[in-house]
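Undergrad: Sequence first, predicted coordinates after that:
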Amino acid sequence: MKLFIKLILSAFLIVSFAAQAVDIQVRVDRTQIELNETFTLTFESSEDPDDEPDFSPLEKDFQILSQGTSSNISIINGQYTRLKKWNVSLLARRKGTITIPQIKFGSDSSPSYQITINQPEKSSGKAGEALISELDVNTTSTYPQAQIIITKRLLSSNNINAYEFSELETSGVPISEEKLGEVKQYQTKRGSTSYLVLEQRYAIYPQTAGELKIEPVVASARIAIQGSRGNRSTFDPFRSNTKTIRRSSASKSVTVKPVPDSFIGKHWLAAKEVQLVDEFPESDNFTAGEPITRTLLLVADGQSSSQLPEFTLNEINGLKQYPDKPLLKNNISDDGITGIQQLKVAIIPSAKGTYKLPAISVPWWNTQTNKLEIAEIKARTFTVGKSSQASKQDKTSPITAPPAIQDIKITEPEVNKLNPLDSTDTKLPDNSLLWKIISFILAASLLYTLFLLWQKNRNTSLSKTVETAVNISQKQALKRLKQACDINDAKSSKDALLQWAEVTFTDNPAHSLGEISNRVDQAFAEKIDALNSSLYRDNANEWLCNDLFELCSQYTENLKSKTQSKDHDKLESLYK
């Protein structure tokens, strides 16, 4: 337990110290190093460390041949950057995996670093020969479009004034090729002879099955002539003290096997390793009508990005997907090429609910194990809530109905009591009940007629008022849309369409372009989708309005005609 606590405290102290220490990076000039070959170890820092480095810990496993420093200063966008380098030329004392220890720069230090020193391969040239040309291939059999690493190498025991490799030539199978960096330079020893080595690497990809032949590489070098009195002058414009020597390597052959029958994918993909990555925001607050950015990555070690299959996005009900143009990139090292394809997708849910993104799989052939493998992104489910504007609409108070018309009480008129007739003098028949009934019917009919006339005038007045207000708002929105379309302003066109939808769909407002698209005719919807796509693909500056304004105007007129026809039918039914 005490030991565990000590380790935690030590780690905490190291992290705290590292946060304050100068960052020093370590790298080597190449990854393939053989015993008796020199290589350059470089330490880099953008800040000044506490003191000069102490390279003495390297002497345990390496012979230090030379040391040097350099500085690089750059100003980009007004920002000053300074990079200082310490270069150490080393020769390993043994083969195997060797850990380069931490190097102290006063109170600062570099991280440790591991390298592998390989057993020297047998030379293709004669022992002690002054100039040797070599051609290495990392495999003798492969598959179509699989990566092959080819190395052209020139070894010279004399000082070289200039050198040249012949072009890489192949036959039997068409190929594509990619140069892996610049020419590397180091020293090695073959037997008792020391050599200066110049090395160039390539990645090639055979396109079909067959026998691939790699023609011999001719290496040329101009070396100084050693006379009885040695070199007479280092300045020799006529090259009278030099001579050109040419040497040819052996040829190589590679068998390219056909695509295995067991491969089940639609797109053949051969690589050392393939990975699929899905970057999706972790959130419980997705909102209808607002975009969600999804990033898909396909990474293939041992394959060029141009050979990677494109992502296929399935249609999902309620979701609109707007993919960007795929971004292709190649990471190049001495070991080959790692191809990367990145695809960003803007996903816009049209309504609240739960959505499922289906799984994505990419079959590929493992060139290391000669087996079929499948890289996969698992299916993903996410939940979307109401749009923010819809939520605000729900929280507003409901529209109250107008007060009902109160019942009108009909009172019987009082009988004039002046000079009443003497009942004893005259006896008339009793018709008062009949009169009351007739008076009531006439009064009720009159009131009902007046009520119908009032109701008609009221409905007509309200309809005209609402229609006038809607027409004014629609005209304003259409005018704003036309102004935006005239200058192809995507953002302003979106705002104008949302304003138009607010006054057009009053019963069930639309709060996003996706919702508007779902309610209008096909031609109008296609233009809205194109606008929405440009806004979420970061190419709004390239958007063209085309017929968006005209289609919106036409849809508005058609909607008015339908509304007026329905109102007319209602008034006619009222009098039937």
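TA: Done, it's in.
Undergrad: how about the helices in the protein?
TA: Along the chain, the stretches classed as helices by DSSP state H are 2-20, 388-395, 432-486, 490-504, 513-517, 522-536, 548-574.
Undergrad: where does the stretch 101-250 of the chain dip in pLDDT?
TA: 120-127, 226-240 (pLDDT under 70).
Undergrad: I meant to write the stretch 451-576 of the chain there.
TA: 451-472, 536-540, 564-576.
Undergrad: Ignoring the adjacent residues along the chain, who's closest to Leu180?
TA: Arg201 (4.1 Å; C-beta to C-beta, 6 or more residues apart in numbering). The way it works is simple: take the backbone N, C-alpha and C, and place the C-beta from them, glycine included.
Undergrad: tell me the contacts of the one you found?
TA: Shown in contact with Arg201 (C-beta atoms under 8 Å, 6 or more residues apart in numbering): 149-152, 179-181, 184, 334.
Undergrad: 7 Å - rerun?
TA: With contact set as C-beta atoms under 7 Å, 6 or more residues apart in numbering, Arg201 has these partners: 149, 151, 180-181, 334.
Undergrad: Who does it form a beta bridge with?
TA: Thr151 (DSSP bridges).
Undergrad: How many residues are close by Asp190?
TA: Residue 190: Arg, not Asp. 20 (other C-beta atoms under 10 Å).
Undergrad: swap that for Leu328, please
TA: Leu328 has 14 nearby residues by other C-beta under 10 Å.
Undergrad: these two touch, right, it and Gln342?
TA: No. Here Leu328 lies out of contact with Gln342, judged by C-beta atoms under 7 Å, at a distance of 8.0 Å.
Undergrad: correct me, but Gly210 touches Ser171?
TA: No. Judged on C-beta under 7 Å, Gly210 makes no contact with Ser171 at a distance of 10.0 Å.
Undergrad: More neighbours: those two, which one.
TA: Remark: of Gly210 and Ser171, Gly210 carries more neighbours, 16 against 12, as counted by other C-beta under 10 Å.
Undergrad: Run through the bridge partners of the most centrally placed residue in the chain.
TA: Closest to where the C-alpha atoms of the chain average out (C-alpha atoms, centre = their mean) is Lys344, at 3.0 Å. Counting by DSSP bridges, Lys344 forms beta bridges with Thr295.
Undergrad: Asn541 versus that one, what's the distance?
TA: When distance is defined by C-beta to C-beta, to the nearest Å, Lys344 is 18 Å away from Asn541.
Undergrad: Thr242 and Ser166, how far apart?
TA: Thr242 is 20 Å from Ser166, by C-beta to C-beta.
Undergrad: Repeat that for Trp86.
TA: Distance from Trp86 to Ser166, by C-beta to C-beta: 37 Å.
Undergrad: out of the two, which sits in the busier spot?
TA: Counted by other C-beta under 10 Å, Trp86 and Ser166 do not tie: Trp86 has more neighbours, with 21 against 16.
Undergrad: The closest residue to that one other than its chain neighbours - how many residues pack around it?
TA: Leaving out its chain neighbours, the residue that sits closest to Trp86 by C-beta to C-beta, 6+ apart is Phe43, at 4.4 Å. By other C-beta under 10 Å, the residues close to Phe43 number 21.
Undergrad: Pop out the phi and psi values for Asp489.
TA: Backbone geometry at Asp489, expressed as degrees, to the nearest 10, gives phi -90, psi 100.
Undergrad: Begin at 56, not 1, for the rest of this chat.
TA: OK, 56 is where the count begins now, so the last one is Asp544.
Undergrad: give me every residue that touches it.
TA: Contacts of Asp544 by C-beta under 7 Å, 6+ apart: none found.
Undergrad: quick revisit: just the buried ones among the contacts of Arg256, please.
TA: 204, 206, 235, 389 (16 or more other C-beta atoms under 10 Å).
Undergrad: need the contact list for the closest residue to Ser196 other than its chain neighbours.
TA: Excluding the flanking residues, the one nearest Ser196 by C-beta to C-beta, 6+ apart is Thr310, at 4.4 Å. Counting by C-beta under 7 Å, 6+ apart, Thr310 touches 195-196, 266.
Undergrad: Mind pulling up the pLDDT for Thr310?
TA: Thr310 carries a pLDDT value of 96.
Undergrad: Phe495: neighbouring residues, count only.
TA: 12.
Undergrad: contacting residues around Ser162?
TA: Taking C-beta under 7 Å, 6+ apart as the test, what Ser162 contacts is Asp105.
Undergrad: Next up, phi/psi of Lys327, please.
TA: According to degrees, to the nearest 10, Lys327 has phi -80, psi -30.
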